[in-house]
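**Student:** Structure for the following, please:
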Amino acid sequence: MNNSPEADRLREQAVALRRAGKSVRQIKQILGPIGNGTLSAALKGEPQPDWTRRPNAKDDLREKARELRLQDLDYEEIVAQLGVSKSSVSLWVRDLPRPSRVTPEECAKRTAERTRRYWIAERPVRAARRAAASAAAAADIGGLTDREILIAGAIAYWCEGSKNKPYRRAGRVIFSNSDPELISFFLLFLDTAGIARSDLAFQLQIHENADVESAERFWLTLTQARPEQFRLTSLKRQNLTTTRKNTGDDYHGCLRVDVKQSCELYRKIEGWASAVVATAEAPHQHT
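**Tutor:** Model prediction:
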């Protein structure tokens, strides 16, 4: 900077303002248009006010990254733990020694641990998204009329129930499923169709190594049927070469629901289901 009277006066004014706690921006506003280089030269040697010194938000992360690097963690592991970019980690630890060479087994172990930590955080997030989407869809449906229950029940039966074959026309309503909620809905469907609960017979089908007594109590409670409406439980033999997933306290076997003297009901279900399916073949009418 030139040692001219004008330059000395600028320095005197700038230093006075700086010592009064003004920032560079405030000094420029007070003194008028000044180049950054000129003002920087005028303020040379003058410390900036404490209030303008903003702490670096990443200082703690930087120190943690360096600690982890000294613990022999690689970039990916540090990124996974701190949630920062790989470029930031590289900048923060580039002066530190590289991790010692690890064995393939240790690499696999670290990868598995990173995956485990990821899913610990990710599972609740995905579960919340699924629950929100399911709740929103349920709200779209709302309550069902009797007509809608008959439609839904007929389609459920046509998917899961026993149907006539060209070579065998039994005309009997038999519905089997392991899902308690679907069984409950099918019973509601039968109520709506005018079928008395006393006209139903039930049979539990379950693997022989399951808790049979507990499953029998479960279905008896759910159906609210009389014990004599339940036929002898059918036990499935365990195939030792098969690894079954349907085990544990939530496994209650499969319940078969038989509607006695159900030929007329079968014809109705057949008609209801046919009418629903036929709408896909008919051209849609737009109003």
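
**Student:** give me the number of residues near I27?
**Tutor:** The burial count assigned to I27 is 20, neighbours taken as other CB atoms under 10 Å. (Glycine included, C-beta is placed from N, CA and C.)

**Student:** whoops, I mixed them up, A14
**Tutor:** A14 sits with 25 neighbouring residues when counted by other CB under 10 Å.

**Student:** Run through the residues that contact it.
**Tutor:** Going by CB atoms under 8 Å, 6 or more residues apart in numbering, A14 touches I27, L31, L39, A42, L43, E46.

**Student:** quick one: which two of those residues are the most distant?
**Tutor:** The distance between the two most remote of the contacts of A14 (CB to CB) is 14.5 Å, for L31 and E46.

**Student:** Report the secondary structure state of G21.
**Tutor:** coil (DSSP: H, G, I helix; E, B strand; the rest coil).

**Student:** Quick check, it in contact with P49.
**Tutor:** Yes: at 4.7 Å, G21 and P49 qualify as touching, with contact defined as CB atoms under 8 Å.

**Student:** joint contacts of the two?
**Tutor:** With contacts taken as CB under 8 Å, 6+ apart, G21 and P49 have no neighbour in common.

**Student:** so what's the nearest residue to A14 once chain neighbours are set aside scoring on pLDDT?
**Tutor:** Using CB to CB, 6 or more residues apart in numbering and skipping the chain neighbours, the partner closest in space to A14 is A42 (4.3 Å). We have a pLDDT of 82 for A42.

**Student:** And T233, by the same measure?
**Tutor:** Predicted confidence (pLDDT) for T233: 95.

**Student:** What of I27?
**Tutor:** I27 is assigned a pLDDT of 83 by the prediction.

**Student:** just A16 next, same as before
**Tutor:** Looking at A16, its pLDDT stands at 86.
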